[in-house]
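> sharing a model that was predicted from the sequence below.
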Amino acid sequence: MTPMIERTQPESAETALSLLRPFPRAKDDEHAWRSKDFTPVNDSIRGGISNSDLEVVGEHIKEAWPHRDAGASASDLGEAIFSGFLDTTKLGGAGFASQSFTRPLPQKLDAHHFSGLRLVIRHPHDSAASQPASEPGGGEAPVHSYVLNLRTADPVKRPDGRNESAIVYEWDFDASKAQGFNDSSSCRSKAGIPAYVEAQWQDFAATYRGRPAKDAEKLDPAKIKGFSIMARSNFGKQSGKFELRLVELQALRSTGSAIGTSHAIEPRVSPKDALNEKHSLMGFHQTMDPLSVLQSGETEEYPGKPRFEEEGHQNGLRAAKTSTTLLVFVFAILLGLGWLVWSSKPRAILKKVGWHHCHDN
C-alpha cells in the first residue's frame, strides 16, 4: 500500500485545482459531483454478490439551490457518498465493488503543471464499519481501505456487453488514516470532519486485472480518460458494509510551474458568513480556482480587476513619471545656459534692460 503523505496542515488552495466538488461550490455543472456520471462495476460480473452505489447529498434540490450561496448550505450538501457491501464468501476470498466515472474529467491534466491528485473525504458519522456478527461478509476486518483507479484508454466492449480488460493505474489509501486539515489527528477520531489523502503520479501502479503490469509504461496524466473508486477485499482482509463520503477531487499543482504559482482570490464575505463557514468546515470550497483567476486575468493586488487594466494603469504611471523627469531635465539645462550668458556679459545685458543707465544716475 502506498505510504500516506504526512502533513499537519493542508497546502493552500493556490496549489491545487478543483476537478469535482459539491454543486453549491462548483463553478459550473461539469465540476459538480453528479450521480448520473457514475456506473457500478462490481464483482457480480464474475459471479460475486458485492454491490455499490453512489449518490449525491441533496441532488434532488440541486436545480432550486442558490448558486454559490455561501451562508445557506448544509455542511455535506452536494457531496458524493460511495457505499455498498463487500463480500468475500462467494469468490473464495476475493471481492470488489466500485463506481466508475463515465465522462472525461473537466480539466485536462499534464505532468508539467500537475504533480498528482488529492481526495478530500469525510469519515461517516455512524461508522459503517461496525458489522453485525451475522453479516460480516467473510473478511477479517471492516472496510477502511479503498482504491482510486485511473484509466488511460476508453473502454472497449466485448460481444457480451462487458468491457475488455485493460491497463489500470491503481493507488490504495486507508481512509482511517486520512490527514485532518486543522490538526494531525486522523479522521476516524473526528467523524464527519473533512480530511484528505493525496498521491503523486508515480504512486499510481500499473495493473492488469488487479495484478502488477511490469511492462506497462508509467502513468502519463495527459492520457487520463477517467477514474473509478473501489472497495476490494484484498484477498479476504476486509469485507462488509462500507461508506466513503467524497467531498472533493483535486489536482495538485507542480511547484514552480506557470499555472502552479498563480494566486487564488479569496471572495469578500461578512464576518458572520466567515464564522458560519468555519463552523461548517466548508470554507475549503469557498476559495476560487486559481486557473479561473488566470483565465479571467484577475490579480491579487486588484481583486476583480482584469490584469490588462492593471498593466495599463501601471504603464500610464510610468509614462507620466518619465515625461516629468524629461521636463525637469530640459528646464535645468536652459537655466544653466542662461546663467553662463549672464556671467560672461553682465553689464551689456543690464544696459539693454535699462538697469545700468538708471543705476549710473
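Yep, it's here.

> for the longest strand belonging to the chain, packing partners?
Longest strand of the chain, by residue count under DSSP state E: strand 240-253. In terms of contacts (3 or more CB pairs under 8 Å, 6 or more residues apart in numbering; DSSP states H and E), strand 240-253 is packed against strand 16-20, strand 80-86, strand 114-122, strand 194-200, strand 226-232, helix 283-286. Any C-beta I mention is one placed from the backbone N, CA and C, and that applies to glycine too.

> so for that strand, mean pLDDT?
On average, the pLDDT along strand 240-253 is 97.

> same deal with stretch 149-161?
Averaging pLDDT along stretch 149-161 gives 85.

> now it: buried residues?
149-152, 155 (16 or more other CB atoms under 10 Å).

> so which of the helices and strands packed on strand 240-253 gets nearest residue 248?
Closest approach to residue 248 among the helices and strands packed on strand 240-253 (CB to CB): strand 114-122, 4.1 Å.

> how close does residue 26 get to residue 145?
With distances taken as CB to CB, to the nearest Å, residue 26 is found 28 Å from residue 145.

> ok, now residue 41?
18 Å.

> related to what we said a few turns ago, narrow the buried residues of stretch 149-161 to those in helices?
Using DSSP state H, no member of those falls in helices.

> the residues you listed: which two are farthest apart?
Within those, 150 and 155 form the most distant pair, 13.4 Å apart (CB to CB).

> can you tell which of the helices and strands packed on strand 240-253 is closest to residue 340?
It's strand 16-20; of those, that one is closest to residue 340 (CB to CB) at 67.0 Å.

> using PDB, write out every CA atom in stretch 329-340.
Only the C-alpha atoms of stretch 329-340 are listed here, as PDB (Å, rounded to 0.1, in the frame of the first residue of the first chain):
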ATOM      1  CA  PHE A 329      16.000  67.900 -17.100                       C
ATOM      2  CA  VAL A 330      15.300  70.400 -20.000                       C
ATOM      3  CA  PHE A 331      14.500  73.200 -17.600                       C
ATOM      4  CA  ALA A 332      17.700  72.600 -15.700                       C
ATOM      5  CA  ILE A 333      19.800  72.800 -19.000                       C
ATOM      6  CA  LEU A 334      18.100  76.100 -20.000                       C
ATOM      7  CA  LEU A 335      18.700  77.600 -16.600                       C
ATOM      8  CA  GLY A 336      22.400  76.600 -16.700                       C
ATOM      9  CA  LEU A 337      22.800  78.200 -20.200                       C
ATOM     10  CA  GLY A 338      21.200  81.400 -19.000                       C
ATOM     11  CA  TRP A 339      23.500  81.700 -16.100                       C
ATOM     12  CA  LEU A 340      26.500  81.200 -18.300                       C
END
